[in-house]
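In: return atomic coordinates for the entry below.
(2 chains, ligands or ions: 2)
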Amino acid sequence: MEDKLVEFANLLRQNGIRVSLAETLDAVAASDVTGLGERELFRAALRATMIKRASELPVFEELFDVYFSGLGEIIKGASKEVQDALSMSDQDFQDFLDQMEEMLKNHGEELSELAKQLLQNNNGQIERAMREAARAVRMQGIQRTIEENYFARALARALGFDKIEQEIKELREQLEKLDLGAGMKAKMEEYLDRRLKMLEDIIRKYVRQEREKRDMKAREEQRMNQLGDKSFYYLSDEELEKMREAVTRLAQRLKNIIAVRRKRMKKGRFDVKRTLRANMTNGGVPFHLKFERRKREKPQILVMCDVSDSVRNASRFMLQFVYSLQDLYSRVRSFVFVADVGEVTESFRTNDVKEALDVALKGDIINVYAHSDFGRSFRNFVTDHIGAVNKRTTVIILGDARNNYNLPHDWCLREIRQRARRVIWLNPESRNTWGFGDSEMERYAIHCDLVEECRNLNQLYRVIDQLVPR
Amino acid sequence: MFSSIEEVIERFAKHDYIASRRIATVIYLASALQKPVLVEGPAGVGKTDLAKVLAASLKEELIRLQCYEGLDEGKALYEWEYAKQLLYTQILKDKVTEVLVGTTGLAEAVDRIASEDEVFFSERFILPRPLMKAITSEEQVVLLIDEIDKADAEFEAFLLELLSDFQVTVPEIGTFKAKKIPLVILTSNNAREMSDALKRRCLHLYIDFPNREQELAIIRLKVPDAAEKLAEEVVNVVQSLRKLDLKKTPGISETLDWVKALTLLNVQSLDNALVDETLDTIVKYEGDVRKAQEELKEYLRKARTRRTGTETTGSSDDKDLLN
Ligand SMILES: Nc1ncnc2c1ncn2[C@@H]1O[C@H](COP(=O)(O)OP(=O)(O)O)[C@@H](O)[C@H]1O
Ligand SMILES: [Mg+2]
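Out: Ligands and ions are numbered 1, 2, ... in the order given. The predicted model follows:
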């Protein structure tokens, strides 16, 4: 069972669910407690130990079904089909199988092991033989539909299908000579035919199922990779939603990493001077102890986001990121601009991120349908908001620098930089296109400490990671 | 300890908690494997109650740590009782003078005092907070760490250490190791996601809103004098409310509050003028109340047409009989 659980954990991992070795061991321990007999209990044991996010539950349930019912269910289903084809009740079928066994005792000594199991409906044994054969032909490597035929043939060979076919044919001939009564004889003949066909079916379905298993993970993997590398320019609603979740996850991951990092260097030493000072009023009796605090001056962040159509998504995720990480900074202020600039800090403080984003991008604050005018926006910023920038502020500008041939007013950016700690520009456009057409990126770049391409989630994450105070 | 999953279900039922097999399995595993459980889910689905009932059904003490923003180790683990220490130094002034007899100079006096200071940094002067209590308890306890998502990530990191070795070191005294590993239940309303490290350490249980039957059963259990028809109607409406995009989706607690309020007002069915005025027991925000009113109206309208519908078929049946 351990091997199977390890393999299942791998399968989960390939589907984007992170399962650690410790959790796999927990799953082994838990399934020892519940036993394997009752399927739903076993399922619950794995669920509680391996799955730690509600959002991962559907994938788990799906994979559990595929993986654990898998072959067993196929075989059971196939044997039920045989029974139905012979139109027998459970009792009839059992009686029939007993007669079959009796018959095989006299006439089936030469049958191979698997042929016997097959004819006696020993599903467990059949399953085991199938798994062994699958391992022998390395079926776990199957990936594409066109490989199904190849693996089906390989599996049949490994099981000795031709031999079984031959054996069953001979058995059938022997039956001819026996005195069984016409009804019984016909039934047995039909049974033998169906059984052989059943083995074929099982092989085919098993191969298909294995392929689907791997395919599912391939598809999912591809989707996640694509999401990270997908350009912000065009996103479907569904992708937008997925991306939003991904940003939340990434932000949380970053926070956790930082929390652990900080925890390690937390409490300082006992601070005599501050303790005495703090307790002057108590006649120097130390009621309140003071410890040296490690100075960690939190930086201030000011984001300016271009929210014109072309880069709106990038801005959206940038803002979401910054606000998810809000408590890491002593102050976050945010501005949106197109041809004019407006502050949205307040609405982020009072609304949840999603609503605030909607407000910021809807156009109540500035006209978001205007043609981009970086120059004018910067000038207005310098006139109205330059006080927001001081030497602890990191200014992040997000925009494509496509200025519609308006005056660039790059002196404004110079002014901002002189007051700020540093200025970082993130451009959601491909680096190759900077400076062409109406792009003023090169002119503005002179006044920035750092200019980065930021076209997708992976790039955004890297940038944000750099911005987080260590 | 429980001997089976069925036993968990039974004992929980005795304490008025309806545990699904899914819940019961996780609880059973937790007690068998001695692992903490992280229970996640929306507000008001019985996460906190689960821990309480667990303690009650094992006849163990429940120790609860309610988390909040800014909760720190001092509030969760232990603090020195400075006031008490001070009081003792005052009372023992004469003794202190005695100790100092024969010392020459400040330095020597300080050394002398220092050699005795462990008296004041002993267990006697420690004020244990929930986590310390749980660790030092002689008997096994159920430790409920409620709404961990409200605490800061730093506190979570601290908790993680505690959950991995169940011991606490007080530098002045030494290390306390748990005599009996407590059964730990952590709950989270998902205000933020817990760290992977914490999740790895815990069994995981996600409790969602109950389905119709479960919710009805809970009402029957908790508000036995509610009219059956009322209970059913309330559940129908609440279940459909949960499908709306509300600012705060009602949990079981809200359902129970509503049924209690209506029963108190002697209301037998939702088709009653008083119902509108009680809506704020189930939804809290103004916008949500409006949506709930719409939903209720819609529900009553449908219920009415359904009723008149049955009446017409009823009368046509009569006609058939007559013919
Ligand atoms: N399965 C259940 N059986 C009985 N009562 C329940 C159940 N689930 C929830 N309740 C009741 O619902 C209310 C809310 O539960 P609570 O534990 O406070 O929710 P949470 O901690 O998830 O916010 C409580 O009165 C509780 O008794
Ligand atoms: Mg609670």
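
In: at which residues are the strands of the stretch 201-323 of chain B located?
Out: Taking DSSP state E, counting those that start in this stretch to define them, one finds strands in the stretch 201-323 of chain B at B:203-206.

In: which bits of it sit near ligand 1?
Out: B:I218, B:L221, B:K222, B:G251, B:I252, B:S253, B:L256 (C-beta under 6 Å from any ligand atom). All C-beta atoms are positioned from the backbone trio N, CA, C, and that covers glycine.

In: what are the phi and psi values for the fourth one?
Out: With angles defined as degrees, to the nearest 10, B:G251 sits at phi -100, psi -170.

In: could you find the closest non-adjacent residue to it?
Out: With C-beta to C-beta, 6 or more residues apart in numbering or on different chains as the measure, B:G44 is the residue that lies nearest to B:G251, at 2.0 Å, once sequence neighbours are left out.

In: part of a strand, is the one you found?
Out: No. The assignment for B:G44 (DSSP: H, G, I helix; E, B strand; the rest coil) gives coil, which keeps it out of a strand.

In: residues contacting it?
Out: When contacts are counted by C-beta atoms under 8 Å, 6 or more residues apart in numbering or on different chains, B:G44 is found next to B:P250, B:G251, B:I252, B:S253, B:E254.

In: if I look at the third one, how far off is A:F321?
Out: When C-beta to C-beta, to the nearest Å is applied, the distance between B:I252 and A:F321 equals 35 Å.

In: next one: the second one
Out: Computed as C-beta to C-beta, the B:G251 to A:F321 distance reads 31 Å.

In: repeat that for the first one.
Out: B:P250 sits 32 Å away from A:F321, going by C-beta to C-beta.

In: just to revisit the earlier point, tabulate the residues of the stretch 201-323 of chain B next to ligand 1 in TSV, adding columns for neighbour count.
Out: Supplementary listing: those in TSV, determined by neighbours: other C-beta atoms under 10 Å in any protein chain shown:
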residue	neighbour count
B:I218	21
B:L221	13
B:K222	17
B:G251	22
B:I252	23
B:S253	17
B:L256	21
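
In: among those residues, which two are most distant?
Out: Set against one another by C-beta to C-beta, these have their most distant pair in B:L221 and B:G251, with a gap of 16.0 Å.

In: for chain B, what's the nearest residue on the stretch 51-200 of chain A?
Out: The shortest separation between the stretch 51-200 of chain A and chain B is 3.8 Å, found at A:K52 (distances taken as C-beta to the nearest C-beta).

In: what helix or strand does the spatially most central residue of chain B sit in?
Out: In chain B, the residue lying closest to the centroid (C-alpha atoms, centre = their mean) is B:T48, at 1.9 Å. With elements taken from DSSP states H and E, the one containing B:T48 is helix B:47-58.

In: check what contacts whichever helix or strand comes after that helix and list those residues.
Out: The C-terminal neighbour of helix B:47-58 among helices and strands, as given by DSSP H and E, is strand B:61-66. With contact meaning C-beta under 8 Å, 6+ apart, strand B:61-66 is reached by B:51-52, B:55-56, B:76, B:129-131, B:133-134, B:137, B:139, B:141-147, B:182.

In: same question for stretch A:51-68.
Out: For stretch A:51-68, the surrounding residues in contact (C-beta under 8 Å, 6+ apart) are A:8, A:11-12, A:15-17, A:39, A:42-43, A:46-47, A:50, A:209, A:212-213, A:216, A:220, A:245, B:38, B:40-41, B:190, B:193, B:196, B:199-200, B:202, B:204, B:206, B:208.

In: filter those down to the ones in helices?
Out: Secondary-structure check on the contacts of stretch A:51-68 using DSSP state H: residues within helices are A:8, A:11-12, A:39, A:42-43, A:46-47, A:50, A:209, A:212-213, A:216, A:220, A:245, B:196, B:199-200.

In: name only those of the residues you listed that count as buried.
Out: A:8, A:11-12, A:42-43, A:46-47, A:50, A:209, A:213, A:216, B:199-200 (16 or more other C-beta atoms under 10 Å in any protein chain shown).

In: from those residues, which shows the smallest pLDDT?
Out: By predicted confidence (pLDDT), the lowest-ranked of these is A:M216, with 62.

In: in the stretch 1-150 of chain A, where is pLDDT below threshold?
Out: Within the stretch 1-150 of chain A, the stretches falling below the threshold (pLDDT under 70) are A:66, A:69.

In: and whichever strand or helix holds A:I203, how far out from the chain middle?
Out: A:I203 is part of helix A:182-229, with elements assigned from DSSP H and E. Averaging C-alpha coordinates over helix A:182-229 and over its chain gives two centres that are 27 Å apart (C-alpha atoms, centre = their mean, to the nearest Å).

In: do stretch B:202-213 as well
Out: Using C-alpha atoms, centre = their mean, the distance between the centre of stretch B:202-213 and that of its chain works out at 14 Å.

In: stretch B:106-124 now?
Out: How far stretch B:106-124 lies from its chain's middle: 43 Å, per C-alpha atoms, centre = their mean.

In: host element of B:V168?
Out: When secondary structure is defined using DSSP H and E, the element that contains B:V168 is strand B:167-170.

In: buried residues of that strand, list them for me.
Out: Across strand B:167-170, burial judged by 16+ other C-beta under 10 Å covers B:V168, B:V170.

In: state the next helix or strand along the chain beyond that strand.
Out: Following strand B:167-170 in sequence, per DSSP H and E, is strand B:174-177.

In: tell me which strands that next one pairs with, and in which orientation.
Out: Based on DSSP bridges, the strands next to strand B:174-177 in the sheet, each with its direction, are strand B:167-170 (antiparallel).

In: give the rounded mean pLDDT of the strand it pairs with.
Out: Here strand B:167-170 scores 82 as its mean pLDDT.

In: which residues sit against that strand?
Out: Residues external to strand B:167-170 that are found in contact with it (C-beta under 8 Å, 6+ apart): B:L77, B:Y78, B:I126, B:L131, B:M132, B:I135, B:L162, B:T175, B:F176, B:K177, B:A178.
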